[in-house]
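Student: Next one to model:
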Amino acid sequence: MRKRAAVLCGAAVVVAGTFTAVPADAGTPQSAPSASAARLTWKKCGTADYPTLQCASLEVPLDHANPRGRQITLALSRIPHTARKYQGPLLVNPGGPGGSGLTFAGFIATGLPKAVAAQYDVIGFDPRGVGASKPALNCGPGYFNPVRPDSVPSTPAIEKANLKRAKSFAAACGRKYASVLPYINTISAAQDMDSIRRALGAKRINYFGYSYGTYLGAVYAKLFPHQVRRLVLDSIVDPTGVWYDDNLAQDYAFNDRHRALMAWIAKYDATYKLGTDPEQIEAKWYAMRGALAKKPAGGKVGASELEDTFVPGGYYNGYWPYLAEAFAAYVNGKNAEPLVETYENFGAVDASGDNGYSIYTSVQCRDASWPRDWRQWQKDNWAVYEKAPFMTWSNAWYNAPCAFWPTGSLKPVNIANGKLPPALLFQATNDAATPYEGGVTVHRLLDGSSLVVEEGGGNHGITLSGNTCLDKYLAAYLTDGRVPRGGGEADAVCKALPDPKPLTAKAASTSSRGAALHRLLGARS
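Tutor: Got it, this is the predicted structure:
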């Protein structure tokens, strides 16, 4: 599971790769849906960032096997096409599961080249149970309020406290949403997407998903292969490990990224004064963790909250300067204020986060079977912890409600597919949240797909974040269906962007496209 892209390709695969076009019918521009074909009423809901955003709602069956039964409501958004050439709807999803897609449509539409975005209706949606869709789930308001028990169950009492929390959360979901939980899953969400397609009056859809959104897109393509026109997957879930094995694989990858952060801090010892040896800096980090377990900073940041604060650094290196400053202030200056501020900015969970976590657990616990014997979790997570301590137990408790979930489980979808137009896949070699193997696996399972790799990249979500090489392939594909064709494990390779520098002006780091993307991506996947 930890294989990295040591040799991605032969000489035939270079950044400026060859291109293959999609079949003629897949590239044919779409006619705009007639008023009579569409069942959606779009209303203006623009924001300062996205003034042309429109919103609508759509009723869909709670149970698609019973279309005349109970209905639920999906919240939709749209940035309408403006070009004469119309290529149909482009549904977008930021991942999670549990991520809201309403403003994400605006992000995608403004991130693509204007001439490309103008050819699509960019459609965002809050999946069932999320955000503005109804009902919106919130099983345990304040579940992540500080200070929580230490994530590492070093004593029976700590383990008992964490188990009590996980069991209580699962039970609360069962009490509040007994009639809904069986239908909060990826298959149902994919069926919702086809309801959206029909409501839009489109014969086929284009789809662009990040993170968990890659699995959602692949499942949709499996269920409705002839309704897929173009398919873009960025930072790809390994569909063979959903979801228990995938989470264990994450632990190794996040540990690697945490150590990459320690090495970056060592490189800038003149700024942070934490030393030049990454291993010694890592030891200082764990010493800080131990101190916070005994005395939480500001009454808010204990050991578990420290992990919440630093885990986002595994998703996006743009956060590293902020994390390093808070780390250095605590260790060198005995000043906890920057650490508390950084926790509030990156780690604290608000009401929308409570909703996102409720959907995260509901989908993951329902999608696939999880060990119901806690002794299996103990065995597996202690074994991983010995090699990768940074996030192992934090991740285990994040997913632990699945050991006690009140519904049964479905079977994971075999996403292997030979009925699609060429799909375009993007994957960074050092992605922690969706490790590199997932991209390689899906490339193999989707016949005719093309894989573009960001060599040396460690961020999660890599297109529309400033890497012009990656974005060139994305724009070409959405323009006329061209995909790179190589001959090795990857079809094209782009170099990763440089790591950030220490902060000079905070506004410069927080206003980037990469930062904007990572604020929109959903909960852990």
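
Student: what ranges do the helices span in the stretch 1-150 of the chain?
Tutor: In the stretch 1-150 of the chain, the segments counted as helices under DSSP state H, counting those that start in this stretch are 24-27, 104-111, 114-117.

Student: neighbours around Asp49, how many?
Tutor: By other CB atoms under 10 Å, the residues close to Asp49 number 11. Yep, even glycine has a C-beta here, placed from its N, CA and C like the rest.

Student: swap in Gln119?
Tutor: Gln119: 21 neighbours (other CB under 10 Å).

Student: How about Leu91?
Tutor: For Leu91, using other CB under 10 Å, the count is 28.

Student: before we move on, back to that, most tightly surrounded among the helices of the stretch 1-150 of the chain?
Tutor: helix 104-111 (a mean of 24; mean count of other CB atoms under 10 Å).

Student: tell me which strands and helices that helix is in contact with?
Tutor: strand 71-79, strand 89-93, helix 114-117, strand 121-126, helix 513-520 (3 or more CB pairs under 8 Å, 6 or more residues apart in numbering; DSSP states H and E).

Student: Please name the residues that touch Arg204.
Tutor: Gln30, Gly88, Arg197, His226, Gln227, Val228, Arg229 (CB atoms under 8 Å, 6 or more residues apart in numbering).

Student: give me the number of residues near the fifth one?
Tutor: I take that to be Gln227. When neighbours are counted by other CB under 10 Å, Gln227 registers 17.

Student: What's the per-residue pLDDT of the closest residue to it other than its chain neighbours here?
Tutor: Closest residue to Gln227 apart from its sequence neighbours, by CB to CB, 6 or more residues apart in numbering: Arg204 at 5.1 Å. The score at Arg204 is 98. That number is its pLDDT.

Student: State the distance from Arg204 to Leu306.
Tutor: When CB to CB, to the nearest Å is the yardstick, Arg204 and Leu306 sit 47 Å from each other.

Student: closest to Gly299 out of the helices and strands packed on helix 104-111?
Tutor: Set against Gly299 and scored by CB to CB, the helices and strands packed on helix 104-111 come closest in helix 513-520, at 26.3 Å.

Student: hmm, who's touching that closest one?
Tutor: Applying CB under 8 Å, 6+ apart, the contact partners of helix 513-520 are 94, 99, 103-104, 107, 111, 312, 315-316, 318-319, 459-461, 464-466, 509.

Student: relative to helix 104-111, how tilted is it?
Tutor: Taking axes from the mean of the first three to the mean of the last three CA atoms, to 10 degrees, one finds helix 513-520 and helix 104-111 inclined to each other by 170 degrees.

Student: residues of helix 513-520 that come out buried?
Tutor: Arg513, Gly514, Ala515, Ala516, Leu517, His518, Leu520 (16 or more other CB atoms under 10 Å).

Student: how about those in TSV, adding pLDDT and distance to Leu323?
Tutor: Listed next are those as TSV, based on pLDDT from 0 to 100; distance: CB to CB, whole Å:
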residue	pLDDT	distance to Leu323
Arg513	86	20
Gly514	89	15
Ala515	88	14
Ala516	89	19
Leu517	91	18
His518	86	13
Leu520	89	20
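
Student: Distance from the chain centre to the helix or strand containing Arg197, please.
Tutor: For Arg197, the host element (DSSP states H and E) is helix 186-200. Chain-centre distance of helix 186-200: 20 Å, with CA atoms, centre = their mean, to the nearest Å.

Student: Next: stretch 191-206.
Tutor: That offset, for stretch 191-206, works out to 23 Å (CA atoms, centre = their mean).

Student: Check stretch 51-60 too.
Tutor: 23 Å.

Student: Also stretch 55-68?
Tutor: The chain centroid and the centroid of stretch 55-68 are separated by 25 Å, computed with CA atoms, centre = their mean.

Student: now the helix holding Arg197 against strand 89-93, angle please.
Tutor: Counting by the same axes, to 10 degrees, helix 186-200 lies at 150 degrees to strand 89-93.

Student: Since that was my last question, I'll sign off now.
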